[in-house]
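# Make a model of this:
(5 chains)
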Amino acid sequence: MFGIAMRGGVHPETKKDLTAERSIIRQLPLPKRLYLPLSQHAGIESRAQVQVGDRVLKGQLVARSGGPLSANLHAPTSGTVVAIEPIIAPHPSGLPAVAIVIESDGEDQWMTLPTLDDPLALSPDELADKVEAAGIVGMGGAIFPAAVKLRQGRRFEIKTLIINGSECEPYLTCDDRLMQERAEAIIDGARMIRHIIEAFEVIIAIEDNKPDATAALKKAAAPFGMIEVRNVPTQYPMGSAKQLIQAVTGKEVPAGGRSNDIGVLVHNVGTVYAIHEALRFGRPLISRIVTVSGGCVQSPHNVEALIGTPVRDIIQACGGLNATPARLLMGGPMMGQIIPSIDSPVIKGCTGVLALTRQEVNEHVPSPCIRCSRCVDACPMGLVPLEMAKHAKVDDFDNAQQYGLRDCILCGSCAYVCPSHIPLVQFFEYAKGELKERRNSEHKQEYTKRLTEQRNERIEREKAAKLAAKKAKKKKPSRQSEAAASEPAATAQEESAES
Amino acid sequence: MNAIRESVHRAAPYAHDRSSVDRIMLQVCLALTPATLFGFYLFGLPAILTFVSICLAAIATEAICLLLQGQSISRLRDASALLTGWLLAMSMPPWCPWWLCLGAGFFAIAIGKHLYGGIGQNVFNPAMLARVALLISFPVQMTTWVQVTPLGSEQAPGLLQSLAIFFEQQSIPDGYTGATLLGAAKAAANGGSAISELVADNYSLTQSFLGNTLGSLGETSELLILLGGLWLLRRRIISWHIPVAMLGSTLLLSGLFYMVSHAQYLSPWYHLTSGGVMLGAFFIATDYVTSPSSTAGKLIFGAGCGLVMYVIRAWGGFPEAVGFAVLFMNALTPLIDRVVKPRAYGRDQRGNPIKNVSARKAS
Amino acid sequence: MFVATLVLTALGLLLGWLLGLAARVFAVEENPIVNEVEALLPGTQCGQCGFPGCSAAAEAMVEGNAAVNCCPPGGRALTESLAELLNIDLNSLGDAPVPQLATIDETLCTGCTKCYKACPTDAIVGATRQIHAVISKACTGCSKCKDVCPEDCISLNPEPLTLNTWHWTKPEAA
Amino acid sequence: MATILNPTYRSRLGYQAALLGGMCYLMSMLLIGGNTATHQLIDQHVLNDKLALLDQVMPHSLYDNDPVADSQVIQYRDLFKEPIEILPARLGNEFSGAALNLTVQGWGGPLNFIMAVDASGQVLGVRVINHKETPGLADKIELEKDDWITGFDGRSLSNTSHIQWAVKKDNGEFDQFTGATITPRALVSGVYRGLQCFQHWRQQAQAQTRAKEESGS
Amino acid sequence: MSTASTPKAPAYRTIFRDGLWDNNVAMGQMLGLCPLLAVTTSATNGLGMGMATLAVLMLTNTLVSLIRGIVTPQVRIPVFIVLIASVVTLVDMAINAWMHELYKVLGLFIALIVTNCAIFGRVEAFASKQPVLPAMADALAMGIGFTWVLVAIGAMREVLGSGTLFAHASLLLGDHFTWLEVTVIPDFSGILLSILPPGAFMALGFLIAIKRLIDRGIKARQERAALAGLVTQ
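Sure, this is the predicted structure:
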């Protein structure tokens, strides 16, 4: 029915019942200060367009995309820019990152939104520009700029647009609730994307443990042709684009390639909703649905939070914590990241904030690998995690790549099932990081080597020129002053340094 | 990078399955329990002494090795030493003298496991390594098969007599020993007499399957072993690949040769129901550490075990060959693992990216 | 029996001649590997390895008198390729020195251009009587600038960690 | 060997050739010398060894000839693949028996043994000369380890039937060792076939003598 | 003679230390393992083989050292091989002729000494670069080093495998040495594994492990002593 089912995969306890039946809290109290890190997307940092002391309105552009894979940033509410300074980033390293700090004035005053025509009447390129202007990135956690993906899609013959509603991470229900509560908006957004990339069909893929969302979307999609709502098996990591494509179309994305290559484009429902908001109402991406859950949260809920809201505020909106969490995460438990501080802000890719108890995390001291090969069975990419980790452990990265490090999507299925509790994913993160570092230093070496050669050549040239000048001087002493003036300033120094 | 070193954080995932090494090991032990108890019943008190002393020797050796390596003694809790000792005891003759038991446990853990680097590092299955080493070193003791003397029956030795046999104060009475079916068949084949007659006269297939026959301590009852193995399959402790491949290749080969000559070769059903094939297929060849990790590798490994076992049984010098076959294939495991990798997503079997179905627009 | 002696002697004569010939035909140039090693080295002659220059270091490495990880600008990548070329076990090496970056204290710099002249990779920008700055992309941390700075305003520090360069460390256990 | 002071003539091809050739010549001469000095002694030792072995199976009182000098090599392909050495013993001019040097296939490889038979076809003794059987298990065929091999003494084709020429496991007369049946089985069958050889050879020899006598008379 | 390029001969103390322990043929250089594994089923066999090797080594090292001046690199390997093979054959003949009892024990293995790479290893690494006296010393040291390892392994295997020690030593050494023949464990059927080839590997492995352990201990003590020396200064 679904073509080739996913290979491997795991069935972690979903824990979605904590929040799945509760509607999204829309009206959070306006936070006093909002922190907007300049790097909330895949590419390089965006460049601040405001200065300390500027007053900004809700939806106003505060930072402009810094390059091809970067994205715009908008003020989530009206207020004053009080600082542009490093804050502790919502990132496991705890390193600082520059952020625009906005003190809200409590009025939440929108800037004047542009009047819009029917988006479907506009040209695809114009629409893509609008998506880019709205600063929309992949909302499922990939944070890849949506406009870039749309434009790439336009260069290919896209047969199938898959709307990814298979929220496979445990705990998270933000997409589920979004689909239930705003089905029409999602269908509308999907139609617009289809219009932009000129896709033949739209398939909305939802895991079969979300019957309400399926029903809501089916109802909303009914009036339109070529939009199909399909169930896929509940299995982690079904929400990963590669696995979802395999489950829906039966095709595999070639290694090193993109889904475009096989005529498929995948967008997350959250992204689709954001595109709908931007194209229909001109609203840039300034808020998102965040699942606040975990055993330590008093009253788990989904909340619609402004980007930049401190995590502390949204936890408080859910009744606060009832115990000190063993782990405080941004994202789901399988692929999310620990955040160093409860004051870290919500960013565009934040799907959830989880405060987990020790029992929920169930972390143990690692013991030696017994080669049970459960990780091999669990790997949805068909890799050999135990060998990858073994080689990464002794810094033999070439062999680690041989066993599939390049293809690893860091989904954590292997580490989830490991009976020896080996932190496999951390080994892979480490190996990938080291490889990247090595590549960088190789590049740098090549670069500096070139610079040295160029400099040596230059010095040779200068020497030759000087020699020629000396000879000339002997012959025609009158030219002396002229020659000296043409020489670069510190030839004498150079000579003394060399001797 | 040093700046982060003091951090105790670990990377994702922050959710884990409830499995653990000790749970796996103990479940395997549990699966072995029925066959073990049946062995106790068949061979009486000396068998219990053998079993207990081998397991204790294995655990004690593990403890000593851990201490010598400066590791935490709590590592004992992973129960891997118990399992090794248990499997070894299952494959030993039922009435072993005390020194053989201690030597077996010691050899399996100290030489078979810790000399290679401890749990997860050993190339060969420690239990089988110990069994084969002892078989070569002490062929007489290791091929002394006692007749079935069920607990409570008249021939069953009492406690004092059992202790005397265990501590070699009394030798095993002559009438108590006999030849296993495979041993008898081998002798018949070498002597040029027809196997079919011998078997028909002295052995019954049902008894062989149920286990009411002489043989190693815990592997006579193929039925109970099979049940234990199936339970492990259901619990997903082991996968079906190795047992099916091993039993399948044994069946295929023995069937083939049986068809060629009834007189010269033993029927496949006897091959499957004697000499610890079931124990080998479900419990020994499936040892995680020493078997390949990919499914294709497991199939090759299992089939190889069956093949080598049959070749040794039919034409080699030893009547029983599970241990040799498993050890032989253990040696090939690293090679199999290197050559037979699972096909990665988006790549072909050789690891090259699959052909692009180019959807690029002609522009 | 003497026939055997004769045959053996004749064989010896023939083979000895062949071997002598072969040694002449297949003669190999002296140690081409030094050139290979030198080609891999950065060539900035920075001297951080403790040798007078890259070619001296290359010679020392081939002779086994210098560790293949003694070149901080080359970093791990260079160490690995050298180890492969010279067939050296990487695990036998200790910790390599960390690559350094020069930074100029802007409050002290007088713009004397001495560092700018000394830099082998042109990694320092600035003109006379203007405050200089280091292009970190091009700096190899050779400390030549530091040595010539009259104001002592240049310091060498390990490259700072950023969100882009950070990665998870190797897990301790298992 | 890298010598700086190498004179130039050394790099000439002729020098290399002469060096190796000369070495070969010198060494072969040396070996010839060694061989001349030792071969007589060695031959003597080999002969003595053989006689010593013969002593073990055949009492001196049984012969006054030189069995080694009189030895013959014969072949019975249906019994033994390899040629058999027969050392006949005579007392006066009367045939008194023979020793047979035989090789069978054991468990670990070829198993070389010598057996002596008297004129009536009874085994006088069997000794293993050379074997590769598992030590500790099947090396009880050596007299030093076990007196099993004396079990053949006095056996003949007439006093032991075809079926009885086998190990007990195969319903025969001879013991096997615990854990090792193949070696004794091989040896038992070897001795049995040896006796058959002896019988054939004897019959042929007698026929020949008779023919000679007839033609002589 | 091209003595100008000859490296300085090491001290005799170093030569013997190397041969007997540090750079022992079997435990340090791991050479000559084939005869080592094959003949060490008893201490006597080990001793005999060791002594035969010692004799050959003495002869070849001396001869090679003598002719080292005239041999050129191009033909040195065949020249040395011819020399070694001839010497071994002569030794084989000599033992057969004048020490026949010993020959019966060692028989096959003497010819195998030709292929013992320890011989060629010493010739190539030492004798071809050093004067005669150090070369002889090296041969003696290496030969004795090889012999004691052979005897040690043989003894380990013999005791475990047959329960005796130096059985049949009188055959090798003459009747004066009957006292060497000891039965360590009477009525012992023996651990057969120890006499079979795997036993040889295990015994060698244990011996090397013990050597490394001792070396490590020595090194640690030296380091401690060095530190202590610093303290008093």
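
# drop to CA atoms for contacts and neighbour counts, all remaining ones
Noted.

# Quick check, the residue in chain E closest to chain C?
Shortest chain E-to-chain C distance, computed as Cα to the nearest Cα: residue-wise this is E:Gln74, at 5.7 Å.

# which residues touch that residue?
Listed by Cα atoms under 8 Å, 6 or more residues apart in numbering or on different chains, the contact partners of E:Gln74 are C:Leu19, C:Gly20, C:Ala23, D:Gln16.

# can you do 7 Å?
C:Leu19, C:Gly20, C:Ala23 (Cα atoms under 7 Å, 6 or more residues apart in numbering or on different chains).

# hang on, the second one packs against D:Leu13?
Yes: at 5.4 Å, C:Gly20 counts as touching D:Leu13 under the criterion of Cα atoms under 7 Å.

# Count the neighbours of residue 33 for me.
Defaulting to chain A. Look at A:Arg33: counted by other Cα atoms under 10 Å in any protein chain shown, it has 20 neighbours.

# my bad, chain E
Neighbour count for E:Leu33, taken as other Cα under 10 Å: 19.

# quick one: it from D:Gln204, how far?
52 Å (Cα to Cα, to the nearest Å).

# what's the neighbour count on C:Ala127?
12.

# so how many other residues sit close to the closest residue in space to D:Ile32 that isn't next to it in sequence?
Leaving aside its sequence neighbours, D:Ile32 sits nearest to C:Met1 (Cα to Cα, 6 or more residues apart in numbering or on different chains; 7.5 Å). Residues near C:Met1, counting by other Cα under 10 Å, number 9.

# Please apply the same query to B:Ser261.
For B:Ser261, the neighbour count with other Cα under 10 Å is 13.

# how close does it get to B:Ile312?
Distance of B:Ser261 to B:Ile312, computed by Cα to Cα: 18 Å.

# pLDDT wise, what is A:Ala392 at?
On pLDDT, A:Ala392 comes in at 93.

# dump the residue contacts of it.
Contact partners of A:Ala392, counting by Cα under 7 Å, 6+ apart, are A:Ala400, A:Phe427, A:Ala431.

# Quick one: those as TSV, columns for secondary structure too.
Shown next, in TSV, are these (DSSP: H, G, I helix; E, B strand; the rest coil):
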residue	secondary structure
A:Ala400	helix
A:Phe427	helix
A:Ala431	helix
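
# tell me, which of those make contact with chain D?
Residues of these in contact with chain D (Cα under 7 Å from any Cα of the partner chain): none.

# Which one (most neighbours) among those residues?
That'd be A:Ala431 among the contacts of A:Ala392, by other Cα under 10 Å, with 28 neighbours.

# Which residue, other than its chain neighbours, is closest to D:Phe113?
Once flanking residues are discounted, D:Phe113 sits nearest to D:Val128: 4.1 Å by Cα to Cα, 6+ apart.

# what are the pairing partners of the one helix or strand the one you found maps to, and which direction each?
Counting by DSSP states H and E, the element that carries D:Val128 is strand D:123-130. Using DSSP bridges, strand D:123-130 pairs in its sheet with strand D:110-118 (antiparallel).

# picking that back up, so for the strand holding D:Val128, what gets flagged as buried?
For strand D:123-130, the neighbour count (16 or more other Cα atoms under 10 Å in any protein chain shown) marks D:Val123, D:Leu124, D:Gly125, D:Val126, D:Arg127, D:Val128 as buried.

# what does stretch C:120-130 give?
Going by 16+ other Cα under 10 Å, stretch C:120-130 has these buried residues: C:Pro120, C:Thr121, C:Asp122, C:Ala123, C:Ile124.

# Now flag whichever of those is closest to chain B.
Nearest to chain B among the buried residues of stretch C:120-130 is C:Ala123, at 24.4 Å by Cα to the nearest Cα.

# correct me, but that closest one touches C:His132?
No: using Cα under 7 Å as the test, C:Ala123 is too far from C:His132 to be in contact (10.2 Å).

# one step back: backbone torsions only: list them for the residue of chain E closest to chain C.
Main-chain dihedrals, E:Gln74, degrees, to the nearest 10: phi -60, psi -40.

# Quick check, pLDDT for it.
pLDDT at E:Gln74 comes out at 78.

# what number of residues lie near the closest residue to B:Leu159 other than its chain neighbours?
Nearest residue to B:Leu159, sequence neighbours excluded (Cα to Cα, 6+ apart): B:Leu45, at 6.7 Å. Close neighbours of B:Leu45, defined as other Cα under 10 Å, add up to 25.

# Would you mind listing where the stretch 301-450 of chain A has pLDDT under the threshold?
Applying pLDDT under 70 to the stretch 301-450 of chain A flags no residue at all.

# Could you pull out the helices in it for me?
For the stretch 301-450 of chain A, the helices defined by DSSP state H, counting those that start in this stretch cover A:311-317, A:358-361, A:374-378, A:385-393, A:397-402, A:413-417, A:424-475.

# Likewise for chain E?
For chain E, the helices defined by DSSP state H cover E:12-17, E:33-39, E:43-67, E:76-98, E:100-112, E:117-125, E:132-162, E:169-173, E:192-195, E:197-232.

# Which one of the ones you listed lies nearest to chain D?
helix E:76-98 (5.1 Å).

# Give the other helices and strands that the closest one contacts.
On a contact count with 3 or more Cα pairs under 7 Å, 6 or more residues apart in numbering or on different chains; DSSP states H and E, helix E:76-98 meets helix D:13-57, helix E:43-67, helix E:100-112.

# Switch the ones you listed over to CSV; also include mean neighbour count and mean pLDDT.
Below are the helices and strands packed on helix E:76-98 laid out as CSV (neighbours: other Cα atoms under 10 Å in any protein chain shown; pLDDT from 0 to 100):
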stretch, mean neighbour count, mean pLDDT
helix D:13-57, 18, 87
helix E:43-67, 24, 89
helix E:100-112, 18, 75
